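**Q** Provide a 3D model corresponding to the input given below.
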Amino acid sequence: MQSLPAETIEKKIESSVQKIQIALPLLRFTSTDLLNPPRWETPHSLPEIENLLADPVRGPVKVAGWNASLAKDHSPQALAAFMKKILTVQPNSFDEVSALDDRYPELDKFPSELKNSVTVILQSIQKASAPLKKSYQDLSLEERRKILEHFNFQTAESVSDLLKTPRFRREIFSSLKRFDQNSSVVAAGIVLNAVHEQLPALQRFALNASSQTYKGLLPLRLKTALGEVLIRGKNDEVIDLQSLYDAALFLKLGGNNRYEGAAERQPEGRIRIAIDFGENITIRSTGSAAGSGIFGIDLFYLPNISGIKTIVTGSYSQGFGLCGVGGLFANGQGTFRARRHSQGVGIFGAGFFVNHDGTESEYETQLYGQGVGFTRGLGVFIHQGERAKLSAGLVDPDPRESLGTTSLSQGVGYGPRAYAGGGLGLCLLKGDGIQVESSYFAQGAGYWHAAGSFLMDGSSCSVKARRYDQGSGVHSAFGMFILNGNDNKVLNWGVGPAFGWDSSSGWAFSLGDQNQFQTEWGAGSASLGASRSFSVFSGNRNRLDLPGLGSGQFIRDLSDLTISLIEGSGNRLKSSQVKSPRVFSGTLYNSPWGMVIGDSTTLVTDLGFEKPTWQRLPTGDIPSEGQVNLEAALNATKSLGAKERVEQ
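**A** Numbers count the residues shown, from 1 in each chain. Down below sits the predicted model:
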């Protein structure tokens, strides 16, 4: 069958959820039984996320609607509206600014099209400056430095050696209650909307401008109260990233351009817009670059579909927001590599990474990337284009088992358990032949009052992860995985697709023909404290190796719930309950709290899948420096008071 359009995916998911609701009485459940109101107040939780947790059956319809709207329109303006919806708790507004505080005669020398667009963008920066600075004005300079160090952002000086202790973590999250995130969201929305409106006019000017258009005028370096305005022509250039430190607006009208340097973080309270209309663009930096909004707003645009984009940066880059908003908006084939907290990551803010037409592009981040929302954060990663490759979170060994790596990537929401809630992470991919790989906590996973969603819309794609993936919710969280297309291969080792653990909900939807799902344990199941797992496999000739599908538990006087639907003809499900192939239509009860509803599904003993290969990380000797004598440290606390002893 043909891949379904975004709006049809949403309707199909809504129809599937209705079928699941109809099936609830078969397990003596009602929709009311699934309501899960919060049992306690969680600091810094987001209302939109709490609503997903409280009513898990309505959750996938809402998340599918978010995915559909962003897949249809992921312009900066649409992202600004979505950011406001997710992150704003109490809307506020600021007075309009009709004119710039200062007049800049230098702009009068330029063609009106360029002058008008630059003026409008500067007006938006001026208008947004007041709410941006208001967002953090109640935090002292020392508190802001502590916040940066808590999230491992290197500052010029160390604030305290105790930042990782529980007491200091509580102090940091307590101080963040005075961060006015609403004002930060308002500020970013003003700028995103203005750039969105002016970008077409700027692009027309850049396309049509000749050297005579700006003869004797460029390069322009204009100092304003908002920061510098830098406008450069179409010649090929090597640009020092440090030269953009004080920029409010940077325009490069064309050329093959290379950016280099450490890229120091811009001053707090500053707004920076960089737009390069060149073709072959290279950015190489060991620091945070290409859209890093930290107590500020930093947006980088590469609108020209021609040429190759090569972006290699350090951590906190390529669309990262910490108490601010960062975005990288590209268009075309490229290679995008970063270290940590990159490619669409938000913490008390938003991070956007969008590539409109990234055919044969490659994306890589070491940890925390490609659509991650931490506490009160929104992280969005959107790719469109065929034959792309994505890898994320394949570096840091996970302590739970030797073949796993900690990832938190590709559509993940994560909250620091016992301290604060999490955020929303979205990863939306569209195109045939896309290859995706990650490991622990990835591809539509939520952890602790957070939500993550992963959408793969394409055929002949491969999706690979290791554990807690592909629609898994862990510890009061929501995870969702959507596959739309044909001839796709989905591989996971355990806990997913569709797993709910500890008062959580996991959802997985497969819409298409001849898709292959393979895992070894913990698929389509739920456990520990009224958790929910729902999965739908709709299409023909699909092959499913999903041990645990349709099984739930009864623990702590609470029953879990698992329902899986298999719809279509020629579908095969591997089962340990048969000795030879058997067709069933109806219901298989794999536990008193779980079932599989099949539509002429064939149960088989083997599907002929190849044994998966899991790459082992290189290991070495454990260094002696930095080790702690835990017994001695514990004995040293015996003379302390009860509270201090627990802290230590």
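**Q** show me what the mean pLDDT comes to for stretch 548-562.
**A** The predicted model gives stretch 548-562 an average pLDDT of 85.
**Q** pull out the buried residues from it.
**A** Across stretch 548-562, burial judged by 16 or more other C-beta atoms under 10 Å covers 548-553, 559-562. For every residue, glycine as well, the C-beta is placed using N, CA and C.
**Q** next step: those residues restricted to strands.
**A** Per DSSP state E, strands hold the following members of these: 559, 561-562.
**Q** give me the number of residues near Tyr301?
**A** Residue crowding around Tyr301 was assessed by other C-beta atoms under 10 Å; the count is 24.
**Q** how about the one 3 residues further on?
**A** As a burial measure, the neighbour count of Asn304 was computed by other C-beta under 10 Å and equals 20.
**Q** again with Ala130
**A** 16.
**Q** residue contacts, Ile13?
**A** For Ile13, the contacting residues are 60-61, 64, 482, 509, 536, by C-beta atoms under 8 Å, 6 or more residues apart in numbering.
**Q** circling back: of the ones in strands among the buried residues of stretch 548-562, which is the nearest to Ser342?
**A** Distance to Ser342 across these (C-beta to C-beta) is lowest for Thr562, with 35.5 Å.
**Q** wait, Lys430 sits on Gln384?
**A** Yes - between Lys430 and Gln384 there is a contact under C-beta atoms under 8 Å: 4.7 Å.
**Q** tell me the secondary structure at Ala81.
**A** Using DSSP: H, G, I helix; E, B strand; the rest coil as the criterion, the local structure at Ala81 reads helix.
**Q** for it, which non-adjacent residue is closest in space?
**A** Using C-beta to C-beta, 6 or more residues apart in numbering and skipping residues adjacent in sequence, the residue nearest Ala81 is Gly189, 7.7 Å away.
**Q** and that neighbour, how far is that from Lys84?
**A** Distance, Gly189 to Lys84, using C-beta to C-beta, to the nearest Å: 6 Å.
**Q** who has more neighbours, the two?
**A** Gly189 (22 against 16).
**Q** state the helix or strand in which that one lies.
**A** helix 181-208 (DSSP states H and E).
**Q** how about the helix or strand just after that helix: buried residues?
**A** Downstream of helix 181-208, the next assigned helix or strand under DSSP H and E is strand 220-224. Judged by neighbour count using 16+ other C-beta under 10 Å, the buried positions of strand 220-224 are 220, 222, 224.
**Q** re the thing from before, which residues sit in contact with the residue nearest to Ala81?
**A** 80-81, 83-84.
**Q** repeat for Gly552
**A** Contacts of Gly552 (C-beta under 8 Å, 6+ apart): 525-527, 531, 533, 559-562, 591-594.
**Q** can we see that at 6 Å?
**A** Residues near Gly552 by C-beta atoms under 6 Å, 6 or more residues apart in numbering: 526, 560-562, 591, 593-594.
**Q** next, count neighbours for the residue nearest to it when sequence neighbours are not counted.
**A** In this structure, Gly552 finds its nearest non-sequential neighbour in Trp593, 3.2 Å apart by C-beta to C-beta, 6+ apart. Residues lying near Trp593 (other C-beta under 10 Å) number 23.
**Q** now swap in Gln615 and tell me
**A** What Gln615 shows, counting by other C-beta under 10 Å, is a neighbour count of 10.
**Q** any idea which element it lies in?
**A** Counting by DSSP H and E, Gln615 is found in no helix or strand.
**Q** just Ala68 next, same as before
**A** helix 59-72.
**Q** could you dump that helix to CSV, C-alpha only?
**A** Extracted C-alpha coordinates of helix 59-72, given in CSV (Å, rounded to 0.1, in the frame of the first residue of the first chain):
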residue,chain,number,x,y,z
GLY,A,59,-2.4,10.8,24.5
PRO,A,60,-1.5,9.2,21.2
VAL,A,61,-4.2,11.1,19.3
LYS,A,62,-2.8,14.4,20.7
VAL,A,63,0.8,13.5,19.9
ALA,A,64,-0.1,12.3,16.5
GLY,A,65,-1.8,15.7,15.9
TRP,A,66,1.4,17.4,17.0
ASN,A,67,3.4,15.2,14.6
ALA,A,68,1.0,15.8,11.7
SER,A,69,1.0,19.6,12.1
LEU,A,70,4.8,19.9,12.3
ALA,A,71,5.3,17.4,9.4
LYS,A,72,3.0,19.6,7.3
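**Q** name the helices or strands packed onto that helix?
**A** Packing partners of helix 59-72 (3 or more C-beta pairs under 6 Å, 6 or more residues apart in numbering; DSSP states H and E): helix 6-23, strand 478-484.
**Q** direction included, what does the last one pair against?
**A** What it means is strand 478-484. Strand 478-484 pairs in its sheet with strand 451-457 (parallel), strand 505-511 (parallel), by DSSP bridges.
**Q** can you redo these as CSV with mean pLDDT and mean neighbour count?
**A** Output for the strands paired with strand 478-484, formatted as CSV (pLDDT from 0 to 100; neighbours: other C-beta atoms under 10 Å):
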stretch, mean pLDDT, mean neighbour count
strand 451-457, 97, 31
strand 505-511, 97, 30
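**Q** least confident secondary structure element in this protein?
**A** helix 642-647 (a mean of 75; mean pLDDT, DSSP states H and E).
**Q** tell me the spacing between the most centrally placed residue in the chain and Ala71.
**A** The residue lying closest to the centre of the chain (C-alpha atoms, centre = their mean) is Gly371, at 1.5 Å. Counting by C-beta to C-beta, the separation of Gly371 from Ala71 is 13 Å.
**Q** try Leu424
**A** According to C-beta to C-beta, Leu424 and Ala71 sit 16 Å apart.
**Q** these two: which is more packed in?
**A** Using other C-beta under 10 Å, the more surrounded residue of Leu424 and Ala71 is Leu424, with 32 against 20.
**Q** contacting residues around the more buried one?
**A** So Leu424 contacts 86, 373, 378, 413, 451 (C-beta under 6 Å, 6+ apart).
**Q** where does pLDDT dip in the stretch 451-600 of the chain?
**A** For the stretch 451-600 of the chain, no stretch has pLDDT under 70.
**Q** and what of the stretch 1-150 of the chain?
**A** Within the stretch 1-150 of the chain, the ranges that satisfy pLDDT under 70 run 1-3, 89-102.
**Q** correct me if wrong: Ser551 contacts Ser591.
**A** Yes - using C-beta atoms under 6 Å, Ser551 makes contact with Ser591 at a distance of 4.6 Å.
**Q** on that earlier part again, JSON lines for the strands paired with strand 478-484, including distance to His341?
**A** What follows is these, written out as JSON lines (distance: least, C-beta to C-beta, whole Å):
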{"stretch": "strand 451-457", "distance to His341": "16"}
{"stretch": "strand 505-511", "distance to His341": "25"}
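**Q** quick one: closest of these to His475.
**A** strand 505-511 (11.7 Å).
**Q** quick one: that closest one to helix 6-23, angle?
**A** For strand 505-511 against helix 6-23, the angle by axes from the mean of the first three to the mean of the last three C-alpha atoms, to 10 degrees is 120 degrees.
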